[in-house]
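Undergrad: Okay, here's the prediction I keep looking at, along with the sequence it came from:
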Amino acid sequence: MNNWAMHFGTLAVFVWVLPYASAQVTDAGQKVSDALNAIGPIPITTVVAVPRNVEHCSAGKLHEPDCVTETVYDQKRQVTNQILTASNVRVVKSDPLKFDPAVRTELPSVVSVNDSLVQNCTANPVTHQVSLQLAFQRSESIQFTEQVTHTLSVGLNFDLSITPIFKVGGSITIGESHMTGEVKTSGETDTTTVSRTETVSVNPQTSTVAELRVWPVHYSIPFHTVVTVDADLSQNDKSYHRLSDILDESKRTFPISGSVDANESSDGSAIFYNIPYDPSSCPNATVVVTKANYAPKRLTRISK
């Protein structure tokens with residue numbers, strides 16, 4: 001699995017690459033068909049047309065009969081035993097989505113930084129206050145481990161507080177051929193800003209860098225629920241109109257599970273380190289020189 005930390009100015013963009021995993025898919029239509037096959041044939045009365053010939057005669061020339069034969073059809077009721085078929089398979093009941101505790105993973109090895117150089121050109125120790133900040137691009141996604149398909153389209157909505165200040169909302173749509181999910185950060189933006197104000201002490205004619213470090217914190221929140229389906233049944237003599245008339249609910253209920261995955265920033269930490277003093281960058285011996293965004297930004301790849 002590869003994690004990428006991208007440094008673009010003061011915007012840190014972290015992409016969590018999830019391992020591919022095939023979800024277990026329950027074809028509700030196929031499950032219903034299998035259940036009806038297991039029940040076996042049901043009496044069905046149909047009306048069939050049975051042909052018979054009728055001869056019509058009339059007096060012709062020379063009083064000889066002139067006859068024609070016509071085929072007519074009589075309506076006749078017929079009872080056969082057939083396997084029932086279902087149509088309009090649909091979700092009629094769903095439990096609320098239940099979320100398990102979040103699994104929290106910090107990635108301090110994938111770090112974005114913002115720096116400020118403080119250079120003391122004077123002959124005396126100084127203290128200087130620096131303000132550092134990093135904009136962090138949050139991200140979120142939804143993964144499925146158990147899906148349900150082959151039903152009329154229906155949606156399940158949810159709201160989830162990952163942390164007191166990081167909330168997401170989303171939906172799961174169960175459809176004919178596949179199931180989809182959508183999750184978005186609640187509020188106006190996916191971007192959060194980490195800010196720190198620090199006081200740094202700098203000895204005479206030395207240079208110190210104040211650095212804000214921020215890394216992604218990954219949350220994986222498992223969820224699960226169940227849905228119950230019903231359907232319309234083909235005509236039969238038992239007066240079964242819906243699947244629920246003939247099939248117990250437990251055989252019409254199927255699981256859905258997966259996880260909501262999201263990246264939030266760490267609180268950030270400030271560190272200080274000295275670098276070689278550069279007298280050429282001092283205009284005179286009585287000033288403190290500062291330079292924001294001192295450290296060159298770079299693309300760092302961490303492989304695990």
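TA: Done, it's in. Predicted model, so just to flag it, every value in this text is computed and none were measured. Numbering: from 1, shown residues only.

Undergrad: going forward, measure contacts between C-alpha atoms and count neighbours the same way
TA: Will do.

Undergrad: Just name whatever secondary elements the helix or strand hosting residue 90 is in contact with.
TA: Per DSSP states H and E, residue 90 falls inside strand 86-94. Packing partners of strand 86-94 (3 or more C-alpha pairs under 8 Å, 6 or more residues apart in numbering; DSSP states H and E): helix 28-39, strand 216-233.

Undergrad: any idea which helix or strand comes after the longest one?
TA: Right, strand 216-233. strand 253-265.

Undergrad: got the angle between that following strand and helix 28-39?
TA: Between strand 253-265 and helix 28-39, the angle comes out at 160 degrees (axes from the mean of the first three to the mean of the last three C-alpha atoms, to 10 degrees).

Undergrad: Give me the sheet partners of strand 253-265 and which way each runs.
TA: As defined by DSSP bridges, the strand partners of strand 253-265 come to strand 139-149 (antiparallel), strand 216-233 (antiparallel).

Undergrad: Give me the angle between it and strand 86-94.
TA: 50 degrees.

Undergrad: in the helix or strand just after strand 253-265, what counts as buried?
TA: Using DSSP H and E, the helix or strand that follows strand 253-265 in sequence is strand 269-275. For strand 269-275, the neighbour count (16 or more other C-alpha atoms under 10 Å) marks residue 270 as buried.

Undergrad: Report the rounded mean pLDDT for strand 269-275.
TA: For strand 269-275, mean pLDDT rounds to 91.

Undergrad: In the stretch 101-250 of the chain, where is pLDDT below threshold?
TA: 187-189 (pLDDT under 70).

Undergrad: now do 80
TA: Counting by pLDDT under 80, the stretch 101-250 of the chain has low-confidence residues at 186-189.

Undergrad: and residue 186, which of the strands paired with strand 253-265 is closest to it?
TA: Closest of the strands paired with strand 253-265 to residue 186 is strand 139-149, at 11.0 Å (criterion: C-alpha to C-alpha).

Undergrad: Just after the closest one, pick out the following helix or strand.
TA: Past strand 139-149, the next helix or strand by DSSP H and E is strand 154-163.

Undergrad: ok, and what's touching that next one?
TA: With contact meaning C-alpha atoms under 8 Å, 6 or more residues apart in numbering, strand 154-163 is reached by 91, 97, 102, 167-175, 219.

Undergrad: want to throw those residues into CSV with secondary structure, neighbour count and distance to residue 232?
TA: What follows is these, written out as CSV (DSSP: H, G, I helix; E, B strand; the rest coil; neighbours: other C-alpha atoms under 10 Å; distance: C-alpha to C-alpha, whole Å):
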residue, secondary structure, neighbour count, distance to residue 232
91, strand, 21, 12
97, coil, 16, 27
102, coil, 17, 40
167, strand, 15, 40
168, strand, 19, 37
169, strand, 15, 34
170, strand, 18, 31
171, strand, 16, 27
172, strand, 19, 24
173, strand, 16, 22
174, strand, 24, 19
175, coil, 17, 17
219, strand, 21, 42
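
Undergrad: For residue 244, see how far away residue 277 is.
TA: 82 Å (C-alpha to C-alpha, to the nearest Å).

Undergrad: Give the bridge partners for the nearest residue to residue 181 once chain neighbours are set aside, please.
TA: Nearest residue to residue 181 in three dimensions, chain neighbours excluded: residue 172, at 4.4 Å (C-alpha to C-alpha, 6 or more residues apart in numbering). Per DSSP bridges, the residues bridged to residue 172 are residue 156, residue 181.

Undergrad: Please give me every residue in contact with residue 172.
TA: 155-157, 179-182.

Undergrad: again with residue 78
TA: Counting by C-alpha under 8 Å, 6+ apart, residue 78 has contacts 45-48.

Undergrad: give me the element it is part of.
TA: Residue 78 belongs to strand 65-82, assigned by DSSP H and E.

Undergrad: ok so, going back, reformat the contacts of residue 78 as TSV; add neighbour count.
TA: Putting these into TSV (neighbours: other C-alpha atoms under 10 Å) gives the following:
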residue	neighbour count
45	14
46	14
47	11
48	12
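
Undergrad: Narrow these to those in strands?
TA: Residues from the contacts of residue 78 lying in strands, with DSSP state E as the criterion: 45-48.

Undergrad: right, and the pair among those with maximum separation?
TA: Among the ones in strands among the contacts of residue 78, 45 and 48 lie farthest apart (C-alpha to C-alpha), at 9.6 Å.
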